[in-house]
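# I'd like to go over a predicted model; first the sequence, then the structure.
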Amino acid sequence: QVQLVESGGGLVQAGDSLRLSCAASGLTFSSYTMGWFRQGPGKEREFVAAIRWSADNTYYADSVKGRFTISRDNAKNTVYLQMNSLKPEDTAVYYCAASDLYRNILSEQSYPYWGQGTQITVSS
């Protein structure tokens, strides 16, 4: 079965950096668009970033553009989210997700596979 396992979360201070990893198994990783979503306390889950299978196209939420970078290593079946200049409002559970659709990849509805999530807390 498909498994997505996130790692790298934790407690950091504002301005710090973190890198999340998501290791995938049970799917042809190089054929999937990979996405990161997050859900802050009391908020709906929201799109953060996505990367096409070939890594030639990346997409970001306006709130993280210029601070976060999504990348992937198809040889390792892993997608990464480098997060710089973290802010308290970045505090959330971060989820990795996989989609085999081409369109609408900013919507969580397009992602049938999800990881369990990893908590990031940014203190001010």
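Received it, and whenever you're ready, just let me know what you need. Residues are numbered from 1 along each chain as shown.
# the residue positioned nearest the centre of the chain: which element?
The chain has W36 as the residue nearest its centroid, 2.2 Å off, counting by Cα atoms, centre = their mean. If you go by DSSP states H and E, W36 is part of strand 33-39.
# strands paired with that strand, and their directions?
Sheet pairing of strand 33-39 (DSSP bridges) gives strand 46-51 (antiparallel), strand 92-99 (antiparallel).
# who touches the last one?
Residues external to strand 92-99 that are found in contact with it (Cβ atoms under 8 Å, 6 or more residues apart in numbering): 2, 4, 6, 9, 20, 22, 24, 27, 29, 32-41, 43, 45, 48, 50, 79, 81, 105, 108, 110-120. For the C-beta atoms, the positions are set from N, CA and C on the backbone; glycine is no exception.
# go ahead and name everything in contact with the helix or strand just after that strand.
Moving toward the C-terminus from strand 92-99, the first helix or strand encountered (DSSP H and E) is strand 113-114. Strand 113-114 is contacted from outside by 2, 4, 27, 95-99, using Cβ under 8 Å, 6+ apart.
# got the phi and psi for the closest residue to F68 other than its chain neighbours?
Residue nearest to F68 in three dimensions, not counting chain neighbours: M83, with 5.1 Å by Cβ to Cβ, 6 or more residues apart in numbering. Backbone torsions of M83, given as degrees, to the nearest 10, read phi -120, psi 120.
# what is the burial count for M83?
25 (other Cβ atoms under 10 Å).
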